[in-house]
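Chemist: Quick one: sequence and predicted model below, then my questions.
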Amino acid sequence: MRRVVVTGMGAVTPLGNTAEEFWQNIKAGKVGIGPITKFDTTEYKAKVAGEVKDFKPDEYMDFKTAKRMEPFSQYAAAAALMAVSDSGIKIEEEDAYRCGVIVGSGVGSMQATEREHSRLLEFGPNKIGPLYIPLMISNMAAGNIAIVTGFKGKNIDVVTACASGTNSIGEAYRSIRANEADVILAGGTEAAICPMGVAGFCALKALSTSEDPMHASIPFDKNRDGFVLGEGAGVIVLEEYEHAIKRGAKIYAEMVGYGATCDAYHITSPEESGVGAAHAMMAAIEDAGITADQLDYINAHGTSTHHNDLFETRAIKMAMGEAAYNVKINSTKSMTGHLLGAAGAIEAIVLAKSLQEGFIHQTMGSTETEDEMDLNYCFGRSYEQEVNYAMSNSLGFGGHNASIIMKKYEK
């Protein structure tokens, strides 16, 4: 079986616009959530979000290229270019058709639809921007990444709501193992902090109404009242092991497991027993060839909604049995908010760095659990310890469940 390793990373996040800056702020326990600045929230119940700050697309691409991208594509292209640079891959030295892109987005560009709908109502159908459709559709993140990097292999946009990033990474891992590619840029991107995005999630009663940035996203806390919307992109370079060794690449971690299921239950709520998510975790554990008690760390989906946190806890217990009480569990969303289709992608970066450096971050802001939520969610402290195997979970609307497992790299 072909081994798959992580050799590059790029990120645009509420906690920094490089993977290293993002990771250092994670380690420092910083929170990237703050008042929404992109539009007037006076009439909105949700007032805070995890916005990307000081992002300048012209630092990564020329003006004309950037202008033909909506923010979700700009974030993705920038993260991909950083990941390629970090990996040291030179596409002119590769077979471009063995280098692919699997990067998902949950919603594409709501901003383009808002903008062009206003033009439609004001000026009529003949005044819609000619690039509206190609700017808006979610596959354009993957398409634009290919254009700016020259990667000509398998190119796919996975759309599984909040599981998009993790499914993308898992499918890329499977593609490399199956000898469909040697290198794949994998991850997710999202830019949904806009009037329609916030209003839509408010209508679902899914967003926190807290105006305190430090205590709005509080996963697994008994006082949680909804998630905080975030934005950004994460892209990692997945590469076949021998290919990476041959070119002398640095290796962050090794991908060893992937599981994906569907609850087949409800369009927004997870199945209450957690059985669907549990099966994704168990499939990833089996794929990795390990037992549940070998997992040191789980980066949970941990959205700070009542249903997710409770049902994910049940899923972890079902998948791991008594080992659930020994594993460290945290939620990066306590610091970044929920990046929807990009969430699993930036959390995969956290996974790889945790394995490499032996550090498990604190779940910020959360202080007290309740009832069945009696596991170690890393409240109040981080851990410096050896991490040999780590899992990341992503659970999306529609019942999509995805889990990936990475291990500490050993030659």
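Modeler: Happy to help now that I have it.
Chemist: buried stuff in the helix or strand of the chain with the lowest mean pLDDT?
Modeler: With mean pLDDT, DSSP states H and E as the measure, the helix or strand of the chain carrying the lowest mean pLDDT is helix 63-67 (a mean of 93). Within helix 63-67, the residues that count as buried by 16 or more other C-beta atoms under 10 Å are 65, 66. C-beta here means a position set from N, CA and C on the backbone, and glycine is covered the same way.
Chemist: Please apply the same query to stretch 345-357.
Modeler: 345, 346, 347, 348, 349, 350, 351, 352, 353, 354, 355, 356.
Chemist: Roughly how far does the closest residue in space to residue 406 that isn't next to it in sequence sit from residue 179?
Modeler: Leaving aside its chain neighbours, residue 406 sits nearest to residue 253 (4.5 Å; criterion: C-beta to C-beta, 6 or more residues apart in numbering). Remark: distance between residue 253 and residue 179 (C-beta to C-beta, to the nearest Å) = 21 Å.
Chemist: ok, now residue 383?
Modeler: Taking C-beta to C-beta, one finds residue 383 at 38 Å from residue 179.
Chemist: What does the pLDDT read for the nearest residue to residue 275 once chain neighbours are set aside?
Modeler: Nearest residue to residue 275 in three dimensions, chain neighbours excluded: residue 318, at 6.5 Å (C-beta to C-beta, 6+ apart). Looking at residue 318, its pLDDT stands at 98.
Chemist: Equivalent analysis for residue 411, please.
Modeler: So, for residue 411, pLDDT stands at 80.
Chemist: And for the least confident helix or strand of the chain, what's in contact with it?
Modeler: With contacts defined as C-beta atoms under 8 Å, 6 or more residues apart in numbering, helix 63-67 is touched by 57, 58, 60, 74, 77, 147, 148.
Chemist: same thing but 7 Å
Modeler: With C-beta atoms under 7 Å, 6 or more residues apart in numbering as the test, helix 63-67 has contacts from 57, 58, 74, 148.
Chemist: same check, this time on stretch 20-35
Modeler: 11, 13-16, 47-51, 213-214, 216-217, 228, 332, 335-337, 346, 349-350, 353, 359, 361-362, 364.
Chemist: Tell me the gap between it and the middle of its chain.
Modeler: Distance of stretch 20-35 from the chain centroid (C-alpha atoms, centre = their mean, to the nearest Å) equals 15 Å.
Chemist: Please write out the alpha-carbon positions of the stretch of helix or strand residue 319 belongs to in PDB.
Modeler: Taking DSSP states H and E as the criterion, residue 319 maps to helix 306-320. Output in PDB follows, covering the C-alpha atoms of helix 306-320 (Å, rounded to 0.1, in the frame of the first residue of the first chain):
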ATOM      1  CA  HIS A 306     -26.200  21.900  21.700                       C
ATOM      2  CA  HIS A 307     -26.900  19.000  19.400                       C
ATOM      3  CA  ASN A 308     -23.400  18.700  17.800                       C
ATOM      4  CA  ASP A 309     -21.400  18.700  21.000                       C
ATOM      5  CA  LEU A 310     -23.700  16.200  22.900                       C
ATOM      6  CA  PHE A 311     -24.100  13.800  19.900                       C
ATOM      7  CA  GLU A 312     -20.400  14.000  19.000                       C
ATOM      8  CA  THR A 313     -19.600  13.100  22.600                       C
ATOM      9  CA  ARG A 314     -21.900  10.100  22.300                       C
ATOM     10  CA  ALA A 315     -20.200   9.100  19.000                       C
ATOM     11  CA  ILE A 316     -16.700   9.300  20.500                       C
ATOM     12  CA  LYS A 317     -17.800   7.000  23.300                       C
ATOM     13  CA  MET A 318     -19.500   4.600  20.900                       C
ATOM     14  CA  ALA A 319     -16.400   4.500  18.700                       C
ATOM     15  CA  MET A 320     -13.800   4.300  21.400                       C
END
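Chemist: ok, the residue nearest to residue 258 when sequence neighbours are not counted - how many residues close by?
Modeler: Nearest in space to residue 258, with sequence neighbours left out and distances taken as C-beta to C-beta, 6+ apart, is residue 170 at 3.6 Å. Using other C-beta atoms under 10 Å, residue 170 has 31 neighbouring residues.
Chemist: Heading C-terminal from the helix or strand hosting residue 170, find the next helix or strand.
Modeler: Per DSSP H and E: residue 170 is located in helix 164-177. Next helix or strand after helix 164-177 toward the C-terminus (DSSP H and E): strand 183-190.
Chemist: helix or strand right after that next one?
Modeler: Following strand 183-190 in sequence order, the next helix or strand is helix 195-203 (DSSP H and E).
Chemist: need the next SSE after that following helix, C-terminal direction.
Modeler: strand 232-240.
Chemist: Which strands or helices does that following strand pack on?
Modeler: For strand 232-240, the packing partners by 3 or more C-beta pairs under 7 Å, 6 or more residues apart in numbering; DSSP states H and E come out as strand 4-12, helix 71-87, helix 164-177, strand 183-190, helix 343-357.
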